[in-house]
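> model this:
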Amino acid sequence: MKTNMGTADRVIRILAAGLMAYLWWSGRVTGALGIALLVFAGIFLVTSFVGFCALYTLIGLSTKKEPPSASA
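Just a heads-up that it's a prediction; the model follows:
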């Protein structure tokens, strides 16, 4: 599994997961929507720490900067 997420993408996902968790724990979002937010927050956290997003693979996207190739 090759990483396909850049640093900025990973940080944004972690911050978004924190916001989603806060909205649920503060009681601002409840019920099915609250549970859905927690699921998305979990997915965002896992993909951020692993550095791989399966959805990006399906659509052929990568936010990771590749190092410049060395010319001989």
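> and Trp25, what does it touch?
If you count contacts by C-beta atoms under 8 Å, 6 or more residues apart in numbering, Trp25 has none. (Each C-beta comes from the backbone N, C-alpha and C, glycine too.)
> mind checking how far it is from Ala17?
Computed as C-beta to C-beta, to the nearest Å, the Trp25 to Ala17 distance reads 12 Å.
> again with Gly51
From Gly51 to Ala17 the distance is 15 Å (C-beta to C-beta).
> please tell me how far the closest residue to Asp9 other than its chain neighbours sits from Met5.
Nearest residue to Asp9 in three dimensions, chain neighbours excluded: Thr63, at 4.3 Å (C-beta to C-beta, 6 or more residues apart in numbering). As judged by C-beta to C-beta, Thr63 and Met5 stand 6 Å apart.
> looking at those two, which is more packed in?
Per other C-beta atoms under 10 Å, whichever of Thr63 and Met5 has more neighbours is Met5, with 20 against 15.
> just to check, that one is in contact with Phe52?
Yes. The pair Met5 and Phe52 qualifies as a contact (C-beta atoms under 8 Å) at a distance of 6.7 Å.
> list the buried ones in the helix or strand hosting Leu15?
Leu15 belongs to helix 7-25 when elements are defined using DSSP states H and E. Of the residues in helix 7-25, Asp9, Arg10, Arg13, Ile14, Ala17, Met20, Ala21, Leu23, Trp24 count as buried by neighbour count, 16 or more other C-beta atoms under 10 Å.
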